[in-house]
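> Next comes the sequence, and after it the predicted model I'd like to discuss.
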Amino acid sequence: MTVTEPDVTVVVGAYEAMPYLVECLRSVEAQTLDPARIEVIAVDDGSTDGTGEHLEEFAARAATHVTVLHQANSGGPSSPRNVGLGKASGRYVFFLDADDRLAPEALERMVAMADRNGTDVVLGKVEGINRVPPKAAWVQTLERTDVFHSNIKFTLSAQKLFRRALLERHSMRFDESLFTGEDALFTMEAYLRADGVSVIADHTCYYLVGRDDGKHVTKSGSYTLRFDSARALMNLIAEMVPPGVERDKLMVRPFLVTLLPQFGPKYVGDSERVRRHKFELAKPLMDAHWTPEVAVRLKVDERLRLQLVAEERPELLLEVAEFVKSKKRPDAVVEKRGRRVYLAYPHFRTGEAGLPDSIYLAEPREAREVEGYREGAASVFLRRVTRKARRVLRAA
């Protein structure tokens, strides 16, 4: 019997991927899912290190159906993924990076999870090899959830199982104008459009491999690329989610993961020109998307730094960034019989800075680490602080 529609198409975009590609393809061959149910579309993105030749050798011997395509180098991962997606015929699509690996049962488990629950996206647990993977999403296995009721917004890489019908229905493709964060944009859109998302947290499905040569797009390139990525993701969220609590929950991700690192320890080493440029790039993003409801969901040092960016106060930010870089612990100020805990980062209660106490208020996770904190009344007080912070930000 001939299987006309595979269960899953594995799309492998490869550029200068040797020798990592060898183990990557071995992990595809080792899948417990029937080879007849797997299709591989491999796209050589103009490699000169033997990547294309190895893909052809793999196609000649593999038990599963393999198509190898060759193209001139595109400069990023979006084009080869889009080309592979355009050729895919599987019910599901999985994007496998050429230097990473699948666990043997990965595809079988993810397809079974999606089929059992009718979900459009499946996240398989990720482990790192010489790299640190995201961890927030893997707290527990979830048969069916969504982006608003889980931590999946903190893992927006493309290495997930996507129902191809979802991608085709909405004409979804990777943005080829972005050279970092293109997968975050694609995956967030899939989360928002999906009829349910599943999470496999009790079985490793994917190994994120750190290259010895350090050739990871996320580790290289100009800082301006990070602002491009943050802008694209914030705009997508704003377009797809109405103003309110749900939008604020999602906005935490680009502020925290993409924008904030530009104003941390690396900011201390930046030249004055770069610091000014970062503020210029951040201003329209802060004006459009920074809200008290986003701020109150962050830790004190995160909230403080971004608030100083929003207020365009680089002279104050530098001292805070230096404090964060030093890894010192701020003094804790406990008041109101333990119901309020402030963390005294630089400029706390100094007349010159004029920053409100609410910016320094510890959220419950931080407050619990402070001796004398009283658990209980925090949620009521947090709502009061949010209202107060809203007035402060509107006046800024």
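Received it, and whenever you're ready, just let me know what you need.
> would you list every one of the helices in the stretch 201-350 of the chain?
Secondary structure of the stretch 201-350 of the chain by DSSP state H, counting those that start in this stretch: the helices cover 223-240, 245-253, 265-268, 272-289, 292-295, 300-310, 314-326.
> between the ones you listed, which one is nearest to His149?
Between His149 and these, the shortest separation by Cβ to Cβ is 9.4 Å, and it involves helix 245-253. Every residue, glycine included, has its C-beta placed from N, CA and C.
> give the contact list for Ala190.
Counting by Cβ atoms under 8 Å, 6 or more residues apart in numbering, Ala190 touches Asp120, Val121, Lys160, Phe162, Leu166, Leu167, Met172.
> Apart from its chain neighbours, what residue comes closest to the spatially most central residue of the chain?
Nearest to the mean C-alpha position of the chain, by Cα atoms, centre = their mean, lies Leu156 at 3.8 Å. Spatial nearest neighbour of Leu156, chain neighbours left out: Ala184 (3.8 Å); criterion: Cβ to Cβ, 6 or more residues apart in numbering.
> With Glu246 instead?
The shortest distance from Glu246 to any non-neighbouring residue, by Cβ to Cβ, 6+ apart, is to Phe148 (5.2 Å).
> neighbours of that neighbour, just the number please.
Around Phe148 there are 15 other residues, counting by other Cβ atoms under 10 Å.
> circling back to that earlier point, where does the residue nearest to Leu156 land in three-state SS?
Three-state assignment for Ala184 (DSSP: H, G, I helix; E, B strand; the rest coil): helix.
> From Pro261, how far off is it?
With distances taken as Cβ to Cβ, to the nearest Å, Ala184 is found 14 Å from Pro261.
> Neighbour count: the two, which is higher?
Between Ala184 and Pro261, counted using other Cβ under 10 Å, the more crowded position is Ala184 (24 against 13).
> any idea how far the more buried one lies from Tyr15?
Taking Cβ to Cβ as the measure, Ala184 falls 20 Å from Tyr15.
> Check Gln262 too.
Gln262 is 26 Å from Tyr15, by Cβ to Cβ.
> Tell me which residues are up against stretch 13-25.
Residues from elsewhere that reach stretch 13-25 (Cβ under 8 Å, 6+ apart): 12, 42-51, 54-55, 58, 62, 73, 77, 79-81, 84, 95-101, 209, 211, 215.
> Among those residues, which ones are in strands?
Using DSSP state E, the members of these that fall in strands are Val12, Ala42, Val43, Asp44, Asp45, Phe95, Leu96, Asp97, Arg101, Val209.
> wait, which of the residues you listed is closest to Val197?
Closest to Val197 out of the ones in strands among the contacts of stretch 13-25 is Phe95 (15.9 Å), distances taken as Cβ to Cβ.
> Could you check how many residues crowd around Leu308?
Residues contacting Leu308 under the criterion other Cβ under 10 Å number 25.
> which ones are touching it?
Contacts for Leu308 (Cβ under 8 Å, 6+ apart) come out as Pro314, Leu316, Leu317, Val320.
> where does the stretch 101-250 of the chain dip in pLDDT?
Scanning the stretch 101-250 of the chain with the threshold set as pLDDT under 70 gives 213-221.
> And the strands in it, which stretches?
For the stretch 101-250 of the chain, the strands defined by DSSP state E, counting those that start in this stretch occupy 101-102, 121-129, 142-145, 161-163, 197-209.
> domain parsing for this structure?
8-218, 222-395 (automatic domain parsing).
> Return the most buried member of these.
domain 8-218 (a mean of 19; mean count of other Cβ atoms under 10 Å).
> how far is that domain from where the chain is centred?
Relative to the centre of its chain, domain 8-218 is centred 15 Å away, using Cα atoms, centre = their mean, to the nearest Å.
> One more: stretch 326-346?
Centre to centre, stretch against its chain (Cα atoms, centre = their mean), the figure for stretch 326-346 is 30 Å.
> Pull up the distance across it, start to finish.
Chord length of stretch 326-346, first to last residue, is 12 Å (Cα to Cα, to the nearest Å).
> Equivalent analysis for stretch 323-338, please.
Start-to-end span of stretch 323-338 (Cα to Cα) is 26 Å.
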